[in-house]
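J.: any chance you could fold what I've pasted below:
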Amino acid sequence: MEPGPERNFLIETWNIYIKEVVPTVRYCQWRKPSQGKFALNTDGTLQAGRGGWAAVIRDSNGEVIAASKGASQHTTIAAIELQGLEQGLELATRHHIRHIQAQTDSTNVLSFLQPGHKPPWEMKHMLRRIKRK
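T.: Sure thing, here's the model as predicted:
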């Protein structure tokens with residue numbers, strides 16, 4: 001409801017508290033892959049208990065080759081981000097793309113891929129599938 005007399009009347013009459021939320025702008029940065037390679041950008045989100053992931057594959061000119069998105073049943077952002085990577089690699093496989101540079105802003109996903117790191121047990125199977133690709 002827009003600010004004005006009607007809104008003020010409702011606030012005063014019904015003793016309603018209205019919290020105004022200002023949308024935030026999120027800037028994303030894309031890093032160009034090496035010549036002859038492809039970039040896979042993945043992301044995940046979790047808001048109010050609902051999660052989703054997205055994956056985009058671009059060539060070295062920045063042209064989108066393939067994209068995919070989906071809902072997630074996972075309950076942690078780390079698992080959703082990891083699912084985004086797995087689904088992005090599946091997308092690359094379906095499009096016969098082999099030379100790919102995965103890019104993510106998830107420090108959790110990056111740490112899970114490091115040698116010697118032990119991810120949470122519920123993500124071990126997903127991580128094994130990713131490492132096989």
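
J.: so S106 sits right up against G44, yeah?
T.: Yes. With contact defined as C-beta atoms under 8 Å, S106 reaches G44; the gap is 7.1 Å. Using the backbone N, CA and C atoms, a C-beta is placed for each residue, glycine as well.

J.: who's more crowded, the two?
T.: Set S106 next to G44 and count neighbours by other C-beta atoms under 10 Å: G44 wins out with 27 against 18.

J.: what sits opposite the more buried one in the beta ladder?
T.: W53 (DSSP bridges).

J.: residues touching it, list them.
T.: 51-54, 72, 77, 80-84, 106 (C-beta atoms under 8 Å, 6 or more residues apart in numbering).

J.: so what's in contact with S106 and G44 at the same time?
T.: Shared contacts of S106 and G44, counting by C-beta under 8 Å, 6+ apart, come down to 77, 81-82.

J.: can you redo the residues you listed as a markdown table with distance to I16 and neighbour count?
T.: Output for those, formatted as a markdown table (distance: C-beta to C-beta, whole Å; neighbours: other C-beta atoms under 10 Å):
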| residue | distance to I16 | neighbour count |
| --- | --- | --- |
| I77 | 32 | 16 |
| E81 | 37 | 27 |
| L82 | 41 | 28 |
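
J.: from the residues you listed, which single one is nearest L113?
T.: L82 (9.4 Å; C-beta to C-beta).

J.: does the closest one touch L113 like I think?
T.: No. Contact criterion C-beta under 8 Å: L82 and L113 do not qualify, at 9.4 Å.

J.: tell me, what's touching the two both at once?
T.: In contact with both L82 and L113: 127, 130, using C-beta under 8 Å, 6+ apart.

J.: how near is L89 to H74?
T.: 17 Å (C-beta to C-beta, to the nearest Å).

J.: an error on my part: the question was meant for T107.
T.: Distance from T107 to H74, by C-beta to C-beta: 17 Å.

J.: out of the two, which sits in the more crowded spot?
T.: Shown here are T107 and H74; by other C-beta under 10 Å, H74 has more neighbours (19 against 10).
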